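**Q** All I have is the shape, not the residue letters:
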Ligand SMILES: Nc1ncnc2c1ncn2[C@@H]1O[C@H](COP(=O)(O)OP(=O)(O)OP(=O)(O)O)[C@@H](O)[C@H]1O
Ligand SMILES: [Mg+2]
């Protein structure tokens, strides 16, 4: 398997807080890589750096051998890297269906001023997408009227609509009702595997991690404390004590 | 009946009504032509409002076109050439200014537009040798397809052009707003970062709307110049820009029909007030704006829709 995304010695400090303190990580083609770690460890910061939202003070990130640092988010997306957000970033005055269709239109790159957004082809694709995410019932609700789980799924659906090669998801299951969680995760994993998508996802639920991750990276204070297959990493006493033992109940506070 | 169908029917009925009024009450033809010109301009304000941005300087684009007409008409008085030329001038300036203001949002966007329009206003006022200052410039009688028209025929011709442009731009803006580019305007208002993360350059989305708004203001300015046949710096003064925003809110900030409904109601009220309550005009303006914001945030169109819903309920 080849390396899709490679981070080398990433460094970024906010004042005295080291959000990235020498991150080295290779993401392999088609793997599902889970990122776990306590609040404030720098998980979101890693995604932000990989998508052009934040610029590290040192190090490099290459995608398919090309330097990503310094590129604008929109140029990175066009290379095939999409993301979803810890706090869903939806167009709040649009419906769920329109949000999805916007993503489809954006991917097509035809921001035509003349043909409607909800033209048959875009609408059909958006509807099919919502169907796969179990969002059909919410299709015509405005995005600012949704519960957190539905917002989260819409946010992920929009990232998936970009048809990325690499998908970065920040806490995809937080806010999704416990009863639905596993079904959602299974569906998501199936959709991504079918499309051959490589996925990196930050996750606080160890059952989810154990179920779908190929590898797990443990973040601690801007560093990778452990990296390996889930059965090995999750049973590591250090990880059990420092990460799993102090998991919050899914509460999220960091910036999206 | 679908909402969109109803809107188009209402628009056509409105256009017919305007023609009937202009025919039945000749002295209102002038007022209605001005109202259509302002309605076309307000369509541009509407586009920017969709993106959450308010321009307090769009009268500048009206004035640019009007002065272009005034400068060119003595040498080349053909309306069918003056119109595209003046509209082009406004659009070109809109593109250049747009490249600059598209980086700013909200209060900064509004104030920058205001500042630029005031600079332009002072230039019109101060460069006396070119612009004749506050006296302004009188236009010669222009020609239509080489014909010199006079009196009512001329008035009808300008009214007709205004109506055709109004209908054309109203349809164009409707189509534009339903298309991804127009929908992305609302995306700028609610979640600009997401647009970027979808690969959409949000600034250029705004720039496209800004340029279109300058084009429409240019058409509005041309019609105003042809109608009043006298252009003065007052066209670019900040109160003229504020008036455009006022009309947009009065009509209903979300709606294409609202731009024209607002403009017609505004102009008719103004003429009536000027004739009967000369001193009370500002008072009426302020009070109406207050009432609309407090009790009818959807504007006149919102009120009409509310009535319809209540009836069908
Ligand atoms: N833009 C920023 N400005 C200042 N400090 C920041 C910024 N982004 C992150 N930080 C800080 O960097 C540290 C790492 O933040 P980050 O959001 O990456 O953590 P996280 O691992 O995603 O945590 P959580 O599990 O709570 O989401 C935190 O201390 C955070 O306060
Ligand atoms: Mg985070």
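**A** Cool, the structure landed. Since we're looking at a predicted model, the values are computed, not measured. Numbers count the residues shown, from 1 in each chain, chains lettered A, B, ... in the order given. Ligands and ions are numbered 1, 2, ... in the order given.

**Q** where exactly do the strands run in the chain?
**A** You didn't say which chain, so I picked chain A. Along chain A, the segments classed as strands by DSSP state E run A:3-14, A:17-28, A:32-36, A:58-63, A:66-67, A:81-83, A:166-170, A:198-202, A:215-220, A:223-228.

**Q** actually it's chain B I care about, not the one you picked
**A** Under DSSP E, chain B gives strands at B:137-138, B:143-144, B:147-148, B:230-231.

**Q** just to revisit the earlier point, I'd like the strands of chain A as JSON lines, with distance to chain B and mean pLDDT appended.
**A** Where you see a C-beta, it was placed from the backbone N, CA and C, and this is true even at glycine. Shown next, in JSON lines, are the strands of chain A (distance: least, C-beta to the nearest C-beta, whole Å; pLDDT from 0 to 100):
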{"stretch": "strand A:3-14", "distance to chain B": "17", "mean pLDDT": "91"}
{"stretch": "strand A:17-28", "distance to chain B": "19", "mean pLDDT": "89"}
{"stretch": "strand A:32-36", "distance to chain B": "19", "mean pLDDT": "94"}
{"stretch": "strand A:58-63", "distance to chain B": "15", "mean pLDDT": "92"}
{"stretch": "strand A:66-67", "distance to chain B": "16", "mean pLDDT": "90"}
{"stretch": "strand A:81-83", "distance to chain B": "6", "mean pLDDT": "94"}
{"stretch": "strand A:166-170", "distance to chain B": "10", "mean pLDDT": "95"}
{"stretch": "strand A:198-202", "distance to chain B": "15", "mean pLDDT": "95"}
{"stretch": "strand A:215-220", "distance to chain B": "22", "mean pLDDT": "92"}
{"stretch": "strand A:223-228", "distance to chain B": "25", "mean pLDDT": "88"}
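
**Q** shaky segments in the stretch 1-150 of chain B?
**A** B:1 (pLDDT under 70).

**Q** 90 instead?
**A** B:1-10, B:22, B:24, B:26-27, B:101, B:106, B:126-150 (pLDDT under 90).

**Q** Please name the nearest non-neighbouring residue to residue A:242.
**A** residue A:220 (6.6 Å; C-beta to C-beta, 6 or more residues apart in numbering or on different chains).

**Q** hang on, the one you found packs against residue A:39?
**A** No: applying C-beta atoms under 8 Å as the test, residue A:220 and residue A:39 come out as separate, 11.4 Å apart.

**Q** From residue B:105, how far out is the residue nearest the centre of chain B?
**A** Most central in chain B under C-alpha atoms, centre = their mean is residue B:41, positioned 1.4 Å from the mean C-alpha point. In this view, residue B:41 and residue B:105 are 22 Å apart by C-beta to C-beta, to the nearest Å.

**Q** Tell me which residue in the stretch 51-200 of chain A sits closest to ligand 2.
**A** Taking C-beta to the ion, ligand 2 has its nearest neighbour within the stretch 51-200 of chain A at residue A:86, 4.8 Å off.

**Q** show me what contacts the closest residue to that residue other than its chain neighbours?
**A** Closest residue to residue A:86 apart from its sequence neighbours, by C-beta to C-beta, 6+ apart: residue A:170 at 4.0 Å. By C-beta atoms under 8 Å, 6 or more residues apart in numbering or on different chains, the contact list for residue A:170 reads A:43, A:44, A:47, A:83, A:84, A:85, A:86, A:201, A:202, A:256.

**Q** which residues does the fourth one bridge with?
**A** Spelled out, that is residue A:83. With DSSP bridges as the criterion, residue A:83 is bridged to residue A:168.

**Q** tally of neighbours for it?
**A** 28 (other C-beta atoms under 10 Å in any protein chain shown).

**Q** Same check on residue B:126?
**A** So residue B:126, with other C-beta under 10 Å, has 11 neighbours.

**Q** still on that earlier bit, list the contacts for the residue nearest to residue A:242?
**A** Counted by C-beta under 8 Å, 6+ apart, residue A:220 has contacts A:37, A:38, A:41, A:242, A:243.

**Q** Kindly report the same for residue B:159.
**A** Per C-beta under 8 Å, 6+ apart, neighbours of residue B:159: B:22, B:29, B:32, B:33, B:36.

**Q** Looks like the fourth one contacts residue B:155 (just checking).
**A** So the one you mean is residue B:33. Yes: using C-beta under 8 Å as the test, residue B:33 is close enough to residue B:155 to be in contact (7.3 Å).

**Q** out of the two, which sits in the more crowded spot?
**A** Shown here are residue B:33 and residue B:155; by other C-beta under 10 Å, residue B:33 has more neighbours (26 against 19).

**Q** which phi and psi does residue B:200 have?
**A** The phi and psi torsions at residue B:200 (degrees, to the nearest 10) take the values phi -100, psi 120.

**Q** That one against residue A:74, yeah?
**A** Yes: applying C-beta under 8 Å, one finds residue B:200 in contact with residue A:74, separated by 6.6 Å.

**Q** confidence score at the closest residue to residue A:207 other than its chain neighbours?
**A** Leaving aside its sequence neighbours, residue A:207 sits nearest to residue A:182 (C-beta to C-beta, 6+ apart; 7.4 Å). Note on residue A:182: pLDDT of 87.

**Q** what's the answer for residue A:189, then?
**A** Looking at residue A:189, the pLDDT reads 92.

**Q** quick one on the thing from earlier: would you tell me which of the strands of chain B gets closest to ligand 1?
**A** Closest to ligand 1 of these is strand B:230-231 (C-beta to the nearest ligand atom; 51.1 Å).

**Q** And that closest one, what does it pack against?
**A** Applying 3 or more C-beta pairs under 8 Å, 6 or more residues apart in numbering or on different chains; DSSP states H and E, one finds that strand B:230-231 contacts helix B:59-72, strand B:137-138.

**Q** Identify each buried residue in the first one, please.
**A** This means helix B:59-72. Counting neighbours by 16 or more other C-beta atoms under 10 Å in any protein chain shown, one finds that the buried residues in helix B:59-72 are B:59-70, B:72.
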